[in-house]
Every structure is written in C-alpha cells, then in structure tokens.
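Asks: Output the structure for:
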Amino acid sequence: MTLNFPNESRSYDERRDLIRFWGHDSALEISFFVEAGALQKMNPGMKNGEAACLEAFDSGRELIQEVARKLYSKGHKDMYFLEAADF
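Replies: Purely as a prediction, here's the structure:
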C-alpha cells in the first residue's frame, strides 16, 4: 500500500518540543513526530515555541512528508520520529 496524508492536521507537543502529524496506509493510521531540531535544520534562524514550529512545519510539509514516506517504506511501524539527521 501507499502512505498518504489526506488530513493536514498537526499538533505541537510542548513537553517534547515536536510536531505530531498522521499518515494513512489504507485503513491504518500512522503517527509521525518531527523534532524541533529537524525543523530548525530546515529553517535556520527559526525561533522556539509552538507558533514557530507550526509555521516551519507548514512551510516544509512536502519535504517532511517525503522523508516520512521514505522512513515508512523501510519497514511499517505504528509511529516514527523524524530527526534532524533524516533531513
């Protein structure tokens, strides 16, 4: 099956300083987490906090989803953490 991202929802987890979003492979929902460090690598000079992370995620959504698909293709799990090294 193919991993799709039909829902543009994303949320910020302040405690872990990351963005969570979801993909779907048929009826399976897969959780993805993008660490703030990965967003900062994509957006040098990014400020800290929820608004900055959400803005960085939105501006880099295509690349983030591409990286998520690549990780998912290596082995199907229920959740993935995208780190700076993945970008």
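
Asks: ok, which stretches of this protein are helices?
Replies: 36-42, 50-59, 61-73 (DSSP state H).

Asks: Using TSV, please lay out these together with distance to R15 and mean pLDDT.
Replies: (C-beta placed from N, C-alpha, C; glycine too.) Formatted as TSV, the helices of the chain follow (distance: least, Cβ to Cβ, whole Å; pLDDT from 0 to 100):
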stretch	distance to R15	mean pLDDT
helix 36-42	12	95
helix 50-59	12	96
helix 61-73	21	96
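
Asks: Highest mean neighbour count out of these?
Replies: Of the helices of the chain, the one with the most neighbours on average (mean count of other Cβ atoms under 10 Å) is helix 36-42, at a mean of 20.

Asks: Which other helices and strands does that one contact?
Replies: For helix 36-42, the contact count by 3 or more Cβ pairs under 8 Å, 6 or more residues apart in numbering; DSSP states H and E identifies strand 18-25, helix 50-59 as packing neighbours.

Asks: can you rerun that using 10 Å?
Replies: If you count contacts as 3 or more Cβ pairs under 10 Å, 6 or more residues apart in numbering; DSSP states H and E, helix 36-42 packs onto strand 18-25, helix 50-59, helix 61-73, strand 79-82.

Asks: Serialize the ones you listed to CSV and add fields for distance to G37.
Replies: Below are the helices and strands packed on helix 36-42 laid out as CSV (distance: least, Cβ to Cβ, whole Å):
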stretch, distance to G37
strand 18-25, 9
helix 50-59, 11
helix 61-73, 13
strand 79-82, 10
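
Asks: Could you pull up phi and psi at H76?
Replies: As for H76, its main-chain torsions (degrees, to the nearest 10) stand at phi -80, psi 120.

Asks: Around it, how many other residues sit close by?
Replies: 11 (other Cβ atoms under 10 Å).

Asks: Distance of the residue nearest the centre of the chain relative to R16?
Replies: In the chain, the centroid-proximal residue (Cα atoms, centre = their mean) is V34; its distance is 4.0 Å. Noted for V34: a distance of 11 Å to R16, by Cβ to Cβ, to the nearest Å.

Asks: where do the contact lists of those two overlap?
Replies: F81 (Cβ atoms under 10 Å, 6 or more residues apart in numbering).
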